[in-house]
Structures are given as C-alpha cells and as structure tokens.
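**Q** got a structure for you, letters missing:
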C-alpha cells in the first residue's frame with residue numbers, strides 16, 4: 001500500500017552561516033638569477049607566483065535558499081551547497097566554498113559563479129552573477145521523500161533488516177539503476193518522478209517490488225508485504241541435539257541455484273516462501289535435506305548427521 005502525506009522535513013534553526021573567502025597572502029617572487037639545478041639533477045622549483053589579495057571591501061553578500069516547488073515552503077534540512085567560480089569562458093569552474101546550512105549566506109568577490117544545491121539524489125545548478133549589490137536567490141529542487149516499510153503477515157519488519165534497490169523509470173519505459181543497498185532506516189530523498197523500487201528483507205532472496213511515484217514536497221510511504229521467514233540451520237547428531245560446529249552450508253533452489261553459503265554451527269538467514277534443499281558439509285561428509293518455507297513461520301531447520 002502506497003500513501004502520500006505532506007513531506008515532513010526535520011526542523012532546523014534558520015540561522016545564517018557566514019562564510020567568507022580568506023584574504024590571500026601576497027608572496028614576493030625571488031630575485032632573477034641564473035637557473036641552477038638541484039643536487040639530484042632535477043630542474044629547480046618554479047618561482048612562487050604573486051597572488052593578488054582579496055580586498056574585504058569588495059566582498060558582496062550572497063544569500064541562498066531552496067524550495068520544493070515555485071510556491072512551496074523553504075527546505076529546512078538535508079541540503080548541501082557548493083559554489084564554483086567561473087574564471088573565464090571555457091575554463092573549468094573552481095569550487096570556492098560550500099555549506100550544509102539550509103539558508104547559507106556567503107561573501108564573494110564580484111564575478112560569475114555556479115551554485116550547486118543537492119538534496120539527497122536530487123540536485124539543481126544555477127549560474128549567478130555577483131555585482132555591486134548584495135544578492136538573494138532561491139533555487140527550486142523538485143524532490144520528495146521515500147520511506148520504505150515492510151511486514152510479514154501484518155507483523156512489521158524492523159527497518160534495519162530492509163534495504164532498497166531504486167531504478168528510475170525513464171520516459172521510454174526503460175529503467176535506470178540509481179541506488180542499491182540503501183538502508184530503509186532513513187528517508188530517501190529523490191527527484192520527482194516514477195521509480196521501480198525493490199525491497200529486500202535480509203540478504204538472501206526475500207525481495208518484492210513495486211512502481212512508485214515521487215511528488216515534489218511530499219513523503220511517499222511504501223509498505224511492502226513480504227512472504228518470507230527467518231530460519232536457523234543446524235547439523236545435529238540426533239533430532240533436538242546440539243548443533244555441530246565448523247559446518248559448511250549451502251542452500252539451493254529446486255533448480256539447483258545457490259541462494260546462500262555460510263560456515264558455522266547455526267547460521268541464520270531469511271528466505272522467501274518456497275521449497276529448498278540444504279546441504280551440510282562436515283569433516284568430509286555431506287548431508288542433505290529438503291524443506292519448505294512458509295511466510296511468517298520462523299524456526300530451525302535441522303539436518304541429522306546420519
């Protein structure tokens with residue numbers, strides 16, 4: 001079941017973080033003279049360059065903010081700002097400052113800059129020109145949140161046991177992987193659009209998927225219904241006996257595909273509902289057993305060594 005509700009952003013203080021470019025020290029160039037080689041025969045070091053100092057009086061205030069929509073409220077957390085200086089046409093932009101403040105205030109010399117604002121996997125860039133007056137600008141980041149939840153027979157699964165694989169559904173219908181192995185313990189920040197989300201319970205084959213739409217400024221809660229169970233494997237000398245240590249395990253599908261391999265006295269794993277074969281190896285001997293997994297029926301799978 002997928003539900004939307006107004007996006008809950010964490011409340012952060014709206015204090016400004018004043019960042020300024022430090023004045024660059026001027027270094028005197030060495031007096032001209034004959035070129036001399038170093039003892040190793042390498043060419044002498046290049047003379048120090050004269051770097052002009054930044055006049056504090058020339059710095060201008062640049063205040064930035066971001067919103068989810070043109071008429072939406074300000075984003076108050078989860079932002080990462082980077083500012084790049086465009087030195088000349090065709091030259092690479094040089095990063096001059098950054099901030100995690102939701103409403104940063106920078107002090108920059110006049111010139112052309114590119115502002116990059118990231119909100120999770122969503123981002124936007126904008127070119128600005130700093131002139132004689134203070135500058136205020138607001139960027140629109142069309143993004144929303146995704147909260148992945150899951151249950152087995154209406155019993156909630158701890159978020160720490162869930163991970164998500166996220167694919168963007170492109171206009172052509174093709175899917176492009178943008179993130180995998182993402183923990184469900186946090187809200188995932190995504191650009192507005194359609195996604196194919198796969199939710200995995202544990203680290204074996206218990207996975208379900210669904211198409212989900214992300215709307216700017218809203219939190220989408222996606223609840224997945226898993227058909228799986230948590231099991232513990234044991235090699236015993238007799239039913240109900242103590243688990244035998246140093247046992248190598250393989251869990252196979254009916255078709256012979258390996259789902260999981262491990263070593264130990266009683267490894268635990270989560271499997272999707274279905275039929276499996278478990279293979280236990282101990283001191284050169286091999287023991288097998290077929291077993292069924294039913295959703296919500298957690299327990300032990302014993303293999304008797306005989």
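**A** Done, it's in. Values in this document were obtained by computation on a predicted structure and should not be read as measured data.
**Q** ok, and for the helix or strand that contains residue 261, which residues are buried?
**A** Secondary-structure assignment from DSSP states H and E places residue 261 in strand 258-263. Neighbour-count burial for strand 258-263 flags 259, 260 (criterion: 16 or more other CB atoms under 10 Å). Backbone N, C-alpha and C define where each C-beta goes, glycine included.
**Q** Paired strands for it, with orientation please.
**A** Partner strands and pairing direction for strand 258-263 (DSSP bridges) are strand 248-252 (antiparallel).
**Q** Contacts for the strand it pairs with, please.
**A** Contacts to strand 248-252, defined as CB atoms under 8 Å, 6 or more residues apart in numbering, come from residues 204, 233, 258-264, 267, 269, 271, 276-282.
**Q** For residue 176, the count of nearby residues, please.
**A** Neighbour count for residue 176, taken as other CB atoms under 10 Å: 10.
**Q** related to what we said a few turns ago, moving C-terminal of the strand holding residue 261, what's the next helix or strand?
**A** strand 268-272.
**Q** Compute the inter-axis angle for that next one and strand 258-263.
**A** Calculated by axes from the mean of the first three to the mean of the last three CA atoms, to 10 degrees, strand 268-272 forms an angle of 170 degrees with strand 258-263.
**Q** Residues contacting strand 268-272, please?
**A** In contact with strand 268-272 (CB under 8 Å, 6+ apart) are residues 161, 201-207, 226-233, 251, 259-260, 262, 293.
**Q** Give me the distance between the most centrally placed residue in the chain and residue 215.
**A** With distances taken as CA atoms, centre = their mean, residue 182 lies nearest the centre of the chain, 6.1 Å away. Applying CB to CB, to the nearest Å, the value for residue 182 to residue 215 is 19 Å.
**Q** so where do the strands sit in the stretch 51-200 of the chain?
**A** 60-67, 79-86, 94-99, 105-108, 111-119, 122-130, 135-140, 143-152, 155-156, 162-169, 175-183, 188-191, 193-201 (DSSP state E, counting those that start in this stretch).
**Q** which stretch among the ones you listed comes nearest residue 300?
**A** Proximity to residue 300 (CB to CB) singles out strand 143-152 among the strands of the stretch 51-200 of the chain, at 17.7 Å.
**Q** Just the buried residues of stretch 121-140, please?
**A** 121, 122, 124, 128, 130, 135, 139, 140.
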